[in-house]
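1. pasting the sequence and the predicted model now:
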2 protein chains.
Amino acid sequence: MRIVTAVAPVNIATIKYWGKRDDDLILPLNDSFSATLSLEDMCAKTTVMISPYLLENKFWLNGKEENMDNPRLSNCLKALKDRLNKENSEEVSSWKIHICSENNFPTAAGLASSAAGYACLVYALASLYQVDGDITAIARNGSGSACRSIFGGWVRWHKGSLEDGTDSIATQIFPTDHWPEIRVLVLVVNDSRKKYSSTLGMKQTVMTSELLKHRTKFVVPDRIEKIIDAVHKKDFQSFAKLTMKDSNQFHAVCCDTYPPCFYMNDVSHAIIDMVHVYNEFKGQLKIAYTFDAGPNACLFIQESDLSEVLSLIRYVFPSNLNANEYYRGIALDKDLFSKDLSLPTGITQYGLNTLRYIIHTKIGDGPRLLQDAKEHLLDSNGLPKNC
Amino acid sequence: MRIVTAVAPVNIATIKYWGKRDDDLILPLNDSFSATLSLEDMCAKTTVMISPYLLENKFWLNGKEENMDNPRLSNCLKALKDRLNKENSEEVSSWKIHICSENNFPTAAGLASSAAGYACLVYALASLYQVDGDITAIARNGSGSACRSIFGGWVRWHKGSLEDGTDSIATQIFPTDHWPEIRVLVLVVNDSRKKYSSTLGMKQTVMTSELLKHRTKFVVPDRIEKIIDAVHKKDFQSFAKLTMKDSNQFHAVCCDTYPPCFYMNDVSHAIIDMVHVYNEFKGQLKIAYTFDAGPNACLFIQESDLSEVLSLIRYVFPSNLNANEYYRGIALDKDLFSKDLSLPTGITQYGLNTLRYIIHTKIGDGPRLLQDAKEHLLDSNGLPKNC
């Protein structure tokens, strides 16, 4: 019997992935670039167990048993088994598997839980089956952007050019501690709309948007080089501008899709407006926003601006929550809000609880194994401990 | 003394104008195509008066005196005076002018009032100064899309290629009665946001959007030919799809602008969603939306679908207004709502008064003169009658 438990982080793309050139192999039309967020504040956790005594494959996600026939899941499993060490492959390969997975961050955060989830699964399985070498291409088969959650720090997903997709892998460009001054604020927005699946959305964009072709071919290659250079130099001005422009262009091609897909709502637009008014007021870029396939904002700031930016947000988006409910993630110093905030003239203030809450986090490491047996999500019989 | 009063219509672009190649001459980056709406339901009205007894130039807009130094206004005036008949030019040209202008449609409708306004002014002035020949290039100098309001029916604004802009004119492609089955519904939405000027917005797009270049060069020329063909054949399916795709692409390049400009809001998105769900349900395109630089929708439908579409809208966007306040424009038959409406399953219903009201109109004629002296907005002393 073997059992392994791992945790894996969320990643936020600053140059966005949107559109596949191969739907089955999950090969993207362009490179993307992301920051991996700290495991301390948000992560996926997965326990995998194999044993000759298990009778069938089973899979639990967030406490609910799910079907193992999911082709993305079975593709990942098969790809890892194919790389099993020849010596023990036959025996171990025939053992049944139990998988138990959960996200320790609210789904409401609208962050790509499938990216952290598949990165975690593939990382845990690679340890379980003792598979060495690149596993990002396998994680990619689960959920495209999962490949970027295999590393900490600043990560590039190369689109690759081979037909079989083996060179469409992620690599770490800068380590976790490269730019320690960066802080990330996830602004969680109320949204009652039906969620438009990003898999379907990007398929529709590829089929119908004439602007996407121009973006993937002419715009993104240049932006990738420029943002790597900006992060290399810790040039917040360039980094911020590229990040905001690429978020907007991603939503532009969604709008150019037929039928169009709108992921941002009026509150997202209000956040964008707040950021531009504030940056203009400060005479430099102090905040950069980026939005994935949902209304929640992810803001990049520098640690020295944390106090003022949090005060700004609380002014623009007042809340009746206690500070410890409104601000989650990395704990804030008590004296953080003591300073006077000078506000841009004419800045708009929105209604109470327009924002739900804020997660305060930073750049973090890639997946890791949890050695303590208490951490396993499955008991010795291979059943979920919390079910 | 000479006095002339004219009315001019609103036009709605189905292939959008967004971006100038020359800011002073108001020369566009691409051709655009529009439908002129009926003067009966919405129009601008202008009285112009010249006389040797007037002491100075004066201008009233919607009952308020405005500055005559406005360069767009003086450019139009100068361009028309330059074309005065040689015989009487010196005398007439030296007479002072009074101009009084008003829109008989609510500004809240968010329709391009400046287009109707400048078309009306230039049309009235051309009559006053007895100027023959093309006046669309002069109207263009007031407000780009005003040139399209000089004609009824279906109109193309040619971007032209001459540096002085003299070939950037509008022409009528199909007359008013070409496709009489078309009906237009203007859905007026509540919006409390600060209005982002379209002149500034398009300037910012030209400076910062990489996608705009692709749109103007590669997408629009093809769409112009295709939509003219669709209107020629009265092919509602092709017309509707092109109209919706071009509206979305215009908003996509606004989103790709830095900082981005968002003209649609959550209600606009809800209207778009309603249209696609309904079209899908009917198995064909029954409704086409288009949005200008504001949140209000302009829907194109065919007369035979009027009853069902109005019922659909009233279901999705319930209102506590009386029918005659909620439905404006062309009067509706009493029995129009007697039929049962079959609704798409799972269609979303929004809160009361999410829509303000609806203007029901159709394709109409170009500007015309009002001969009855009672119609003049100025009295015999050249002062506004309502002030």
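-> Structure received.

2. which element follows the host helix or strand of A:N324 toward the C-terminus?
-> If you go by DSSP states H and E, A:N324 is part of helix A:323-326. Using DSSP H and E, the helix or strand that follows helix A:323-326 in sequence is strand A:327-329.

3. report the next helix or strand after that next one in sequence order.
-> strand A:355-362.

4. heading C-terminal from that next one, find the next helix or strand.
-> With DSSP H and E, the next secondary element past strand A:355-362 is strand A:368-369.

5. partners of that following strand, with directions?
-> strand A:2-8 (antiparallel) (DSSP bridges).

6. what's next to the helix or strand of chain A with the lowest mean pLDDT, contact-wise?
-> Least confident helix or strand, chain A: helix A:86-94 with a mean of 77, by mean pLDDT, DSSP states H and E. Residues from elsewhere that reach helix A:86-94 (C-beta atoms under 8 Å, 6 or more residues apart in numbering or on different chains): A:R2, A:I50, A:P52, A:K81, A:L84, A:Y129. Every residue, glycine included, has its C-beta placed from N, CA and C.

7. show me which of these are buried.
-> A:I50, A:K81, A:L84, A:Y129 (16 or more other C-beta atoms under 10 Å in any protein chain shown).

8. and which of those residues is nearest to A:L377?
-> Taking C-beta to C-beta as the measure, A:L377 lies nearest A:I50 of those, at 14.8 Å.

9. which residue is the nearest non-sequential neighbour of that closest one?
-> In this structure, A:I50 finds its nearest non-sequential neighbour in A:W95, 4.3 Å apart by C-beta to C-beta, 6 or more residues apart in numbering or on different chains.

10. how close does the one you found sit to chain B?
-> Distance check for A:W95 against chain B: by C-beta to the nearest C-beta, to the nearest Å, it reads 44 Å.

11. of the buried ones among the contacts of helix A:86-94, which one scores lowest on pLDDT?
-> The lowest pLDDT within the buried ones among the contacts of helix A:86-94 belongs to A:L84, with 84.

12. of all the buried ones among the contacts of helix A:86-94, which two lie farthest apart?
-> The widest separation within the buried ones among the contacts of helix A:86-94 (C-beta to C-beta) is 11.1 Å, between A:I50 and A:L84.

13. for A:Y196, which non-adjacent residue is spatially closest?
-> Leaving aside its sequence neighbours, A:Y196 sits nearest to A:C261 (C-beta to C-beta, 6+ apart; 4.9 Å).

14. list the contacts of that neighbour.
-> So A:C261 contacts A:Y196, A:G201, A:Q204, A:T205, A:C254, A:C255 (C-beta under 8 Å, 6+ apart).

15. distance to B:K374 and secondary structure added to the residues you listed, as TSV?
-> Below are these laid out as TSV (distance: C-beta to C-beta, whole Å; DSSP: H, G, I helix; E, B strand; the rest coil):
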residue	distance to B:K374	secondary structure
A:Y196	56	coil
A:G201	58	helix
A:Q204	56	helix
A:T205	57	helix
A:C254	53	helix
A:C255	48	helix
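
16. any idea which of the residues you listed is least confident?
-> Here the lowest pLDDT out of the contacts of A:C261 sits on A:Y196, with 81.

17. report the contact partners of that residue.
-> A:C261, A:F262, A:Y263, A:A293 are the contacts of A:Y196 under C-beta under 8 Å, 6+ apart.

18. and what about A:K45, helix, strand or coil?
-> Per DSSP: H, G, I helix; E, B strand; the rest coil, the local secondary structure of A:K45 is strand.

19. that one reaches A:L378, doesn't it?
-> No: the pair A:K45 / A:L378 is not scored as a contact, 11.5 Å apart, by C-beta atoms under 8 Å.

20. related to what we said a few turns ago, just put the contacts of A:Y196 in a markdown table and tack on pLDDT.
-> Formatted as a markdown table, these follow (pLDDT from 0 to 100):
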| residue | pLDDT |
| --- | --- |
| A:C261 | 95 |
| A:F262 | 96 |
| A:Y263 | 95 |
| A:A293 | 92 |
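
21. farthest pair in these?
-> Maximum pairwise distance among these (C-beta to C-beta): 10.3 Å, between A:F262 and A:A293.

22. in the stretch 51-200 of chain A, where is pLDDT below threshold?
-> Low-confidence regions of the stretch 51-200 of chain A, defined by pLDDT under 70, span residues A:87-88, A:106-112, A:194.

23. now the helices for it?
-> A:71-81, A:86-94, A:113-128, A:136-142, A:198-208 (DSSP state H, counting those that start in this stretch).

24. closest to B:S319 out of those?
-> Proximity to B:S319, assessed across those by C-beta to C-beta, is greatest for helix A:198-208 (31.8 Å).

25. give the next helix or strand downstream of that closest one.
-> Toward the C-terminus, helix A:198-208 is succeeded by helix A:210-214 as the next helix or strand (DSSP H and E).

26. how about the residues of the stretch 251-387 of chain A near chain B?
-> Contact residues (C-beta under 8 Å from any C-beta of the partner chain) of the stretch 251-387 of chain A with chain B: A:251-253, A:255-260, A:262, A:265-266, A:269, A:272, A:276, A:348.

27. now the buried members of these.
-> Applying 16+ other C-beta under 10 Å to those flags A:251-253, A:255-260, A:262, A:265-266, A:269, A:272, A:276 as buried.

28. what's the closest of the residues you listed to B:R183?
-> Out of these, the member with the shortest distance to B:R183 (by C-beta to C-beta) is A:P259, at 22.2 Å.

29. that closest one and B:H276 touch, don't they?
-> Yes: taking C-beta under 8 Å as the definition, A:P259 is a contact partner of B:H276 at 4.3 Å.

30. nearest spatial neighbour of whatever residue of the stretch 101-250 of chain A ends up closest to chain B, skipping sequence neighbours?
-> Residue of the stretch 101-250 of chain A nearest chain B, by C-beta to the nearest C-beta: A:H214 (4.0 Å). Among residues not flanking A:H214 along the chain, B:H214 sits closest, at 4.0 Å (C-beta to C-beta, 6+ apart).

31. per-residue confidence for the one you found?
-> Looking at B:H214, its pLDDT stands at 97.

32. what residues are up against it?
-> B:H214 neighbours (C-beta under 8 Å, 6+ apart): A:E210, A:L211, A:H214.

33. A:T14 looks like it's in a strand, true?
-> Yes: checked against three-state DSSP, A:T14 lies within a strand.
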